[in-house]
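Chemist: Please find the sequence and the predicted model below.
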Amino acid sequence: MSITELVVIALGLVFGYWVVSLGVNGKPDQPRANRQPGLDGDGQKWHEILQVAPSAGVDEIRHAYQTLIAQYSPDKVASLGPELRELCERKSREINAAYQHAMAARSR
């Protein structure tokens, strides 16, 4: 076998794997539906995401939320590239969901 044939075989395997993974999983980077990020699916709780104690008061939760959302604001990284924008958007959604969950838990 020549080098060209080996390269064609390797590229065929990579392309075939990619096509099969799309067929099985849908889009490769697409999150699973019906899952709130960071609250149930991956083991993190709202207080871990917001980096506060589970018994934290409303003011402490609000301060942690404001600090984190300012740090991960997608507007701040809009010019840095699609990977960072996507990461910050995902983290912002996770922080917002954790904050809403914390406020709902505190209002009970």
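Modeler: The structure has been received and is ready for your questions.

Chemist: any idea of the mean pLDDT for the helix ranked longest in the chain?
Modeler: Ranked by residue count under DSSP state H, the longest helix found in the chain is helix 82-107. For helix 82-107, mean pLDDT rounds to 89.

Chemist: Taking the centroid of the chain, which residue is nearest it?
Modeler: R90 (4.0 Å; C-alpha atoms, centre = their mean).

Chemist: gap between that one and S2?
Modeler: Noted for R90: a distance of 45 Å to S2, by C-beta to C-beta, to the nearest Å. Yep, even glycine has a C-beta here, placed from its N, CA and C like the rest.

Chemist: List the residues that contact E89.
Modeler: By C-beta atoms under 8 Å, 6 or more residues apart in numbering, the residues touching E89 are P74.

Chemist: where's the residue nearest to Y72 when sequence neighbours are not counted relative to D75, distance?
Modeler: What sits nearest to Y72 in space, not counting adjacent residues and going by C-beta to C-beta, 6 or more residues apart in numbering, is K91, at 4.4 Å. Separation of K91 from D75 (C-beta to C-beta): 13 Å.

Chemist: Equivalent analysis for A97, please.
Modeler: Distance, A97 to D75, by C-beta to C-beta: 19 Å.

Chemist: Which one's more surrounded, those two?
Modeler: Taking neighbours as other C-beta atoms under 10 Å, A97 and D75 compare with A97 leading, 16 against 9.

Chemist: Pull the residues that contact stretch 67-82.
Modeler: Outside stretch 67-82, the residues that touch it by C-beta under 8 Å, 6+ apart are L50, Q51, L84, R85, C88, E89, K91, S92, I95, N96, Y99.

Chemist: gap between the two ends of that stretch?
Modeler: 23 Å (C-alpha to C-alpha, to the nearest Å).

Chemist: Give me the distance between the helix or strand containing G12 and the centre of its chain.
Modeler: Taking DSSP states H and E as the definition, one finds G12 inside helix 3-25. Remark: helix 3-25 is offset 28 Å from the chain centroid, using C-alpha atoms, centre = their mean, to the nearest Å.
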